[in-house]
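Colleague: Need coordinates for the below:
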Amino acid sequence: MARLRDAWQRWLPTIGLIGMIGCGSGQKAATKTTPSFAGIKLVAAAVGDPAILATVSSQHGEWSATRGAEVSFQEKPVDPKATTGVDLLFFPAHRLGDLVDARALAVIPESLTRPSTKTDPETSEETKTEEAPPDPLQFADVVPAYREQVSRYGRDRMALPFGASALILVHNRSAFESEANRKAAADAKLKLEAPGTWNQFDALAKFFQGRDWNGDGTPDHGVALALGPDAEGVGDAIFLARAASLGQHRDQYSFLFDADTMAPRIDSPPFVEALQGLAALKDAGPPEAATLDAEAARRAFSQGKVALLIDRAETAGRWGNQKGIGVVPLPGSERVYDPARKLWENLSTPNRPSCLPYGGGWLVGVTASASPKSREAALDFAAYLIGPETATLLRGGRGFPMLPVRSALIGQGLSGASSASGVDSKQWADAVSRTVMAQKVVAGLRIPDSSGYLADLAKARAAVLKGESPELALKSVAEAWTERTKRLGTARQLWHYRRSLNALVTSPEPPER
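Modeller: As a prediction, the model looks like this:
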């Protein structure tokens, strides 16, 4: 990593970024300060779903025109181990460990995101410059979790934040406002309000189940969740979010593994309790609740017969055209498990860490295999894409759902009233802001083969819904994770896990396999 960082200092001359973003900055200023990459031909590709490139391809025209460069986009996804010929990579953050392990990414220089500092190529120490240069990226507006956590791997910034993802709780207001429901809830001494804890959430889901609160003469349902096989990974994300409220202790950086031994924690009490609680909710949903994937859960909610839904905030446009859809952050837990002492602690206020899907969202990085001049151009293009003006334009795109990473854009609420009819935009913005800017944010697993680890977890969830006990199912996951870690190299995976937490000491380079 240090080698790549030093290389950047040699390859990256002072780039005049003033006016880089274009639109409204004044053509004369842009002409004087915009770097030229005449003749450079960049290749952009995706790790994972190449549909993300559609959001980029619609915005590269101005950059190409002002730089004299060309950008082409690969239609097929690339393997992290085979990025030769690619200059710019777009990828979900849970693949960051795969890319770092393959040495596929160049380190992003801090001088780009913090222009008031410079890095000494000999010591890698940062110092402030006498006069702060312009800051067209306005990087301080990027949500801290993405600015200082998701886009970093240890000390190194390996990519720039491009798009976010967050789980939120969606509710049908009719269910909460029905007079019949209000009376029944009062009789049951139950409050019809946004749940602060998962126990309250469970109680509400069971209360709404079987009641005709929409007045159509047929029973309605309590909750729709991605409990079945789910290609989007929302089901796994919901489970991990519930487990985080129970198992992400305030004194611990690590969550899924022991950060000293790489021993899995997935079969420990908070995970067992979380899986048990979610599996029980299949009886508080539609008849097919146990088999719903994320899209099927959205459809069930959009039909107006389900009171509660947990989903990715960026898919609000798929929740249906109902009179009133409320949005709040996910619940928390009134107790938390301390893995060091192996004891539960009761809390005065709910433990509500945010657990972000996909390792946090989507990133854009520059490949280590690109030529020096292509790297310089690719970095300039990546900076252009995440700049405030281009980010505003990308926010309106509907082809690939993702959240803005800038707090100012999140605060503006949903982009376009017609894109999410019936959703309370102010509540949506508040719920997303409170989620991504929570006091404790847990980025999803980002180590090599994170997809394989999550696939093991998905099998366990399916087994529990078919009747297997959560204890046995998660014990099987722990065994599978241990074997997977051994195959990949325990010492190396431990290095990656500690590195991915951004807060623990590691050597500059990973151990050999």
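Colleague: Let me know the secondary structure of residue 369.
Modeller: Assigned by DSSP: H, G, I helix; E, B strand; the rest coil, the conformation of residue 369 is coil.
Colleague: Test for you: state the pLDDT assigned to the closest residue to it other than its chain neighbours.
Modeller: Closest residue to residue 369 in three dimensions, ignoring its sequence neighbours and counting by CB to CB, 6 or more residues apart in numbering: residue 84, at 5.1 Å. C-betas here are computed from N, CA, C, even on glycine. We have a pLDDT of 96 for residue 84.
Colleague: so residue 84 makes contact with residue 370?
Modeller: No: Residue 84 lies out of contact with residue 370 (CB atoms under 8 Å); the separation is 9.3 Å.
Colleague: Settle it for me: which of the two has more neighbours?
Modeller: Remark: of residue 84 and residue 370, residue 370 carries more neighbours, 22 against 10, as counted by other CB atoms under 10 Å.
Colleague: ok, so what distance separates the more buried one from residue 382?
Modeller: 12 Å (CB to CB, to the nearest Å).
Colleague: circling back to that earlier point, okay, and the residue nearest to residue 369 sits in which element?
Modeller: For residue 84, there is no host helix or strand (DSSP states H and E).
Colleague: Need phi/psi at it.
Modeller: phi -60, psi 130 (degrees, to the nearest 10).
Colleague: next one: residue 88
Modeller: Here is the backbone geometry of residue 88 (degrees, to the nearest 10): phi -130, psi 130.
Colleague: try residue 224
Modeller: phi -120, psi 120.
Colleague: Looks like it contacts residue 302 (just checking).
Modeller: No: applying CB under 8 Å as the test, residue 224 and residue 302 come out as separate, 9.4 Å apart.
Colleague: Do you know the pLDDT at the residue nearest to residue 237 when sequence neighbours are not counted?
Modeller: Leaving aside its sequence neighbours, residue 237 sits nearest to residue 357 (CB to CB, 6+ apart; 4.0 Å). Note for residue 357: predicted pLDDT of 96.
Colleague: so where do the strands sit in the stretch 351-500 of the chain?
Modeller: 354-356, 361-366, 441-443 (DSSP state E, counting those that start in this stretch).
Colleague: Out of these, which gets nearest to residue 233?
Modeller: strand 354-356 (11.7 Å; CB to CB).
Colleague: Pull up the pairing partners for that closest one, direction included.
Modeller: In the sheet, strand 354-356 lines up against strand 441-443 (parallel) (DSSP bridges).
Colleague: Identify all contacting residues around the strand it pairs with.
Modeller: With CB atoms under 8 Å, 6 or more residues apart in numbering as the contact definition, strand 441-443 has outside contacts at 93, 145, 149-150, 240, 244, 248, 255, 353-356, 359-360, 500.
Colleague: Distance from it to the middle of the chain?
Modeller: 8 Å (CA atoms, centre = their mean, to the nearest Å).
Colleague: what ranges of the stretch 351-500 of the chain fall below the confidence cut-off?
Modeller: For the stretch 351-500 of the chain, applying pLDDT under 70 flags the ranges 396-398, 416-419.
Colleague: hmm, who's touching the top helix by length along the chain?
Modeller: The longest helix of the chain (DSSP state H) is helix 470-488. Helix 470-488 is contacted from outside by 262-264, 266-267, 271-272, 275-276, 279, 448-449, 452-453, 456-457, 459-461, 463-464, 493, 513, using CB under 8 Å, 6+ apart.
Colleague: Weed out the non-buried ones from those.
Modeller: When the contacts of helix 470-488 are checked for burial by 16 or more other CB atoms under 10 Å, the buried set is 262-264, 266-267, 271-272, 275, 279, 448-449, 453, 456-457, 460-461, 463-464, 493.
Colleague: From those residues, which land in helices?
Modeller: Using DSSP H, the subset of the buried ones among the contacts of helix 470-488 located in helices is 271, 272, 275, 279, 453, 456, 457, 460, 461, 463, 464, 493.
Colleague: and the nearest residue to the first one once chain neighbours are set aside, how far is that from residue 469?
Modeller: If I follow you right, that is residue 271. Leaving out its chain neighbours, the residue that sits closest to residue 271 by CB to CB, 6+ apart is residue 243, at 4.8 Å. Distance of residue 243 to residue 469, computed by CB to CB: 16 Å.
Colleague: now swap in residue 51 and tell me
Modeller: Distance of residue 51 to residue 469, given as CB to CB: 39 Å.
Colleague: Residue 454 too?
Modeller: Using CB to CB, we find residue 454 at a distance of 21 Å from residue 469.
Colleague: Who has more neighbours out of the two?
Modeller: More crowded of residue 454 and residue 469, by other CB under 10 Å: residue 454, with 17 against 14.
Colleague: Now the nearest residue to the more buried one once chain neighbours are set aside: phi and psi?
Modeller: Sequence neighbours aside, residue 236 is the residue nearest to residue 454 in space, at 5.3 Å (criterion: CB to CB, 6+ apart). Per-residue torsions, residue 236: phi -60, psi -40 (degrees, to the nearest 10).
Colleague: Check residue 205 too.
Modeller: phi -60, psi -40.
Colleague: and it, how many neighbours?
Modeller: When neighbours are counted by other CB under 10 Å, residue 205 comes out with 23.
Colleague: So it sits against residue 309, correct?
Modeller: No: using CB under 8 Å, residue 205 is not in contact with residue 309, being 10.5 Å away.
Colleague: joint contacts of these two?
Modeller: residue 223.
Colleague: Residue 330 versus the closest residue in space to residue 503 that isn't next to it in sequence, what's the distance?
Modeller: In this structure, residue 503 finds its nearest non-sequential neighbour in residue 253, 4.8 Å apart by CB to CB, 6+ apart. Note on residue 253: its distance to residue 330, by CB to CB, is 21 Å.
Colleague: And these two? Which one has more around it.
Modeller: Per other CB under 10 Å, whichever of residue 253 and residue 330 has more neighbours is residue 330, with 25 against 13.
Colleague: mind checking the SS state of that one?
Modeller: Applying three-state DSSP: residue 330 is coil.
Colleague: quick one: buried residues of the longest helix of the chain?
Modeller: 470, 473, 474, 475, 476, 477, 478, 480, 481, 484, 485, 488.
Colleague: Next: stretch 51-67.
Modeller: 52, 53, 55, 56, 59, 60, 62, 63, 66, 67.
Colleague: isn't there a helix covering the first one?
Modeller: I take that to be residue 52. Yes: checked against three-state DSSP, residue 52 lies within a helix.
Colleague: Apart from its neighbours in sequence, what residue is nearest residue 141?
Modeller: residue 406 (4.9 Å).
Colleague: Give me the distance between that neighbour and residue 113.
Modeller: Counting by CB to CB, the gap from residue 406 to residue 113 is 13 Å.
Colleague: Which of these two has more residues huddled nearby?
Modeller: Remark: of residue 406 and residue 113, residue 406 carries more neighbours, 25 against 20, as counted by other CB under 10 Å.
Colleague: Right, I'll call it a day here.
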